[in-house]
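Visitor: just coords:
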């Protein structure tokens, strides 16, 4: 029915009908739903005071505004719902075991270890895994999520348990929450000498929200002041009552450092699973599950750690993981050995994907490469549209306070690049949870895995964004492009530092006393062994100059592998020198650090005092 004109344009007016649109839809998408001309909707938006093109992705607010004006109820379809509809269009059911009860067989429980920082989660995982993952953690926290299987004997029967290894600090709320959703049982680690702490309660709430049974590991019973009874009493207040007190929660007193009662803890996990969960899956259908972690490997391309939840994943099958797809070229188990197939509850490293998926993305096996590509492309397009819909208004963190006071900007745009998708997701989630009141809006325009590229700088240039490199550096000509365009690129290796600086910037308090100034970069051409000095890097100075007694970091394949090193020795031929300039060759000794390889880049810098503005 033709109704009165809207803004002088004759349009089909609604009668309160619901129009379902995906996040980041354009006016053209809206027009198709209501059988109108996109150009007339552009005119309506113009009359409402907004300049929007017909094909531009617009925000939810804009779609709702247009809906109200046209007398339609706009319903924004959630990404999960949209994904379900997408898979249904390919006749794929995700999340369901096929074949009924008779097809189901028992599977190992999947466990996440949670708890307060420094209560011994990493050491417990280490004790179970019998390898040392504590060495070399930046900032004393587990930076990457992995997964592995352990075995224990219960009632003379060997039972497997799958562990998802998640970082543990309040900053990792999203990651830990996602870990809990993908798990069957949570082990809550509480130190016997410290008792219940704020993050213990937070972890407990995550596990309860995910409705997973909890086994409590009372750690550090060998430490002075340990009081396991006090821990049991404290947790009673939060609804975890020990079996010996008449409750149904198993408490196990352990020492991860000494390896005490680890077997008893594993047995408690198996017994809890048997008592309260029906852990079965159909191993004979097409594999489905989720990606736990993913990163870019120079030699192997995009690799993802996936957890098979139902079905069996085999080498040679075609899979879709989020917006990535590919034929499984090879699969590695948690020991790094090649395997041909992986059944339910098995974590494997998969090679052969087109790009790096996000941590937490679901995966499924499909019959044809074409189907996989179509699903991945539609998911990628949906993500892209949603990203474009975020409004963009170039500032540096230091400028932000002045700009805010002048009323020139209401939001801070960020681009996040990291070495692994789990870290990137945790960082994004933590930043978006920063509460700085109404004065400024934080928008993350893009996040990805790998080095900072020219494309990232181009996006930052066009949207006044700040680029954050987490454990990665800029590659190729990206650094020069950033300098030329005035884009602020910041590098971090500890996640808390990013959060603190961004929060300080948002509150207009960031006034750093020192700033890092890059002095020069050297490419390692050869590695010489010296019995007295260790490994010496034979280098060509690529840019600037390298000076003795300055700070350095080692970059391999765009990722930072070592921070805070010192240039302890510098040589030209057989002479000790204080500096080597661009274009010249020489030898660099990094003191006790010997893990250097040909093609690594040594980047040198110094901290200079910065005048306060």
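Guide: Cool, got the structure. Keep in mind that what you see is a predicted model, and the values were worked out from it rather than measured. Residues are numbered from 1 along each chain as shown.

Visitor: contacting residues around the spatially closest residue to residue 562 that is not a sequence neighbour?
Guide: Once flanking residues are discounted, residue 562 sits nearest to residue 554: 4.4 Å by Cβ to Cβ, 6 or more residues apart in numbering. The C-beta positions use only the backbone N, C-alpha and C, and glycine is treated the same way. Counting by Cβ atoms under 8 Å, 6 or more residues apart in numbering, residue 554 touches 560, 561, 562, 565, 590, 593, 595, 596, 600, 601, 602, 603.

Visitor: Determine the number of other residues adjacent to the third one.
Guide: Residue 562 has 18 neighbouring residues, counting by other Cβ atoms under 10 Å.

Visitor: can you redo the contacts of residue 554 as JSON lines with secondary structure and pLDDT?
Guide: Below are these laid out as JSON lines (DSSP: H, G, I helix; E, B strand; the rest coil; pLDDT from 0 to 100):
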{"residue": "560", "secondary structure": "strand", "pLDDT": "93"}
{"residue": "561", "secondary structure": "strand", "pLDDT": "93"}
{"residue": "562", "secondary structure": "strand", "pLDDT": "92"}
{"residue": "565", "secondary structure": "strand", "pLDDT": "93"}
{"residue": "590", "secondary structure": "coil", "pLDDT": "93"}
{"residue": "593", "secondary structure": "coil", "pLDDT": "91"}
{"residue": "595", "secondary structure": "coil", "pLDDT": "91"}
{"residue": "596", "secondary structure": "coil", "pLDDT": "94"}
{"residue": "600", "secondary structure": "coil", "pLDDT": "95"}
{"residue": "601", "secondary structure": "strand", "pLDDT": "96"}
{"residue": "602", "secondary structure": "strand", "pLDDT": "96"}
{"residue": "603", "secondary structure": "strand", "pLDDT": "95"}
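
Visitor: correct me, but residue 466 touches residue 411?
Guide: No. Residue 466 is beyond contact range of residue 411, at 11.5 Å (criterion: Cβ atoms under 8 Å).

Visitor: just to revisit the earlier point, tell me which helix or strand the residue nearest to residue 562 sits in.
Guide: Here residue 554 sits within strand 551-556, counting by DSSP states H and E.

Visitor: Neighbouring strands - and their directions - for that strand?
Guide: As defined by DSSP bridges, the strand partners of strand 551-556 come to strand 559-566 (antiparallel), strand 601-609 (antiparallel).

Visitor: Toward the C-terminus, what is the element adjacent to the first one?
Guide: Downstream of strand 559-566, the next assigned helix or strand under DSSP H and E is strand 569-572.

Visitor: Starting from that next one, tell me which strands it pairs with and how they run.
Guide: Partners of strand 569-572 in its sheet, by DSSP bridges: strand 575-576 (antiparallel), strand 585-589 (antiparallel).

Visitor: So which bits of the longest one are buried?
Guide: This points to strand 585-589. Using 16 or more other Cβ atoms under 10 Å as the test for burial, strand 585-589 gives 586, 587, 588, 589.

Visitor: could the residues you listed be laid out in a markdown table, adding distance to residue 185?
Guide: Output for these, formatted as a markdown table (distance: Cβ to Cβ, whole Å):
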| residue | distance to residue 185 |
| --- | --- |
| 586 | 56 |
| 587 | 54 |
| 588 | 50 |
| 589 | 50 |
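
Visitor: Looking only at neighbour counts, state which of residue 466 and residue 411 leads.
Guide: Each of residue 466 and residue 411 has its neighbours counted (other Cβ under 10 Å); residue 466 has more, 21 against 15.

Visitor: burial of the nearest residue to the more buried one once chain neighbours are set aside, as a residue count?
Guide: Spatial nearest neighbour of residue 466, chain neighbours left out: residue 488 (4.7 Å); criterion: Cβ to Cβ, 6+ apart. Here the number of neighbours of residue 488 (other Cβ under 10 Å) works out to 18.

Visitor: Next one: residue 488 relative to residue 451, how far apart?
Guide: Counting by Cβ to Cβ, to the nearest Å, the separation of residue 488 from residue 451 is 17 Å.

Visitor: One more: residue 306?
Guide: Residue 306 is 24 Å from residue 451, by Cβ to Cβ.

Visitor: need the strands for the stretch 201-350 of the chain, in chain order.
Guide: Here the stretch 201-350 of the chain has its strands, by DSSP state E, counting those that start in this stretch, at 214-219, 251-253, 280-281, 288-297, 301-310, 313-314, 318-321, 324-327, 330-332, 338-339, 341-342, 347-353.

Visitor: quick one, longest strand in this protein?
Guide: Longest strand of the chain, by residue count under DSSP state E: strand 514-530.

Visitor: Please, where are all the helices along the stretch 301-450 of the chain?
Guide: 369-388, 397-406, 421-432 (DSSP state H, counting those that start in this stretch).

Visitor: Of those helices, which is nearest residue 271?
Guide: helix 421-432 (30.2 Å; Cβ to Cβ).

Visitor: And that closest one, what does it pack against?
Guide: helix 173-181, strand 288-297, strand 411-418, strand 441-449, strand 465-470, helix 495-506 (3 or more Cβ pairs under 8 Å, 6 or more residues apart in numbering; DSSP states H and E).

Visitor: repeat that with 6 Å
Guide: Helices and strands touching helix 421-432, as assessed by 3 or more Cβ pairs under 6 Å, 6 or more residues apart in numbering; DSSP states H and E, comprise helix 173-181, strand 411-418, strand 441-449, helix 495-506.

Visitor: quick one: that helix to helix 495-506, angle?
Guide: Angle between the axes of helix 421-432 and helix 495-506 is 30 degrees (criterion: axes from the mean of the first three to the mean of the last three Cα atoms, to 10 degrees).

Visitor: Buried residues of helix 421-432, list them for me.
Guide: 421, 422, 423, 424, 425, 426, 427, 428, 429, 430, 431.

Visitor: can you count the residues close to the nearest residue to residue 76 once chain neighbours are set aside?
Guide: Using Cβ to Cβ, 6+ apart and skipping the chain neighbours, the partner closest in space to residue 76 is residue 60 (5.2 Å). By the criterion of other Cβ under 10 Å, residue 60 has 15 neighbours.

Visitor: My read is that residue 60 contacts residue 77, right?
Guide: No. Taking contacts as Cβ atoms under 6 Å, residue 60 lies outside contact range of residue 77: 10.8 Å.

Visitor: mind checking how far the closest residue to residue 104 other than its chain neighbours is from residue 107?
Guide: Spatial nearest neighbour of residue 104, chain neighbours left out: residue 280 (3.9 Å); criterion: Cβ to Cβ, 6+ apart. As judged by Cβ to Cβ, residue 280 and residue 107 stand 6 Å apart.

Visitor: can you check residue 384 too?
Guide: In terms of Cβ to Cβ, residue 384 sits 36 Å off from residue 107.

Visitor: Looking at those two, which is more packed in?
Guide: Using other Cβ under 10 Å as the criterion, residue 384 and residue 107 rank with residue 107 on top: 22 against 14.

Visitor: tell me the secondary structure for the spatially closest residue to residue 29 that is not a sequence neighbour?
Guide: Leaving out its chain neighbours, the residue that sits closest to residue 29 by Cβ to Cβ, 6+ apart is residue 21, at 6.0 Å. Classification of residue 21 by DSSP: H, G, I helix; E, B strand; the rest coil places it in strand.
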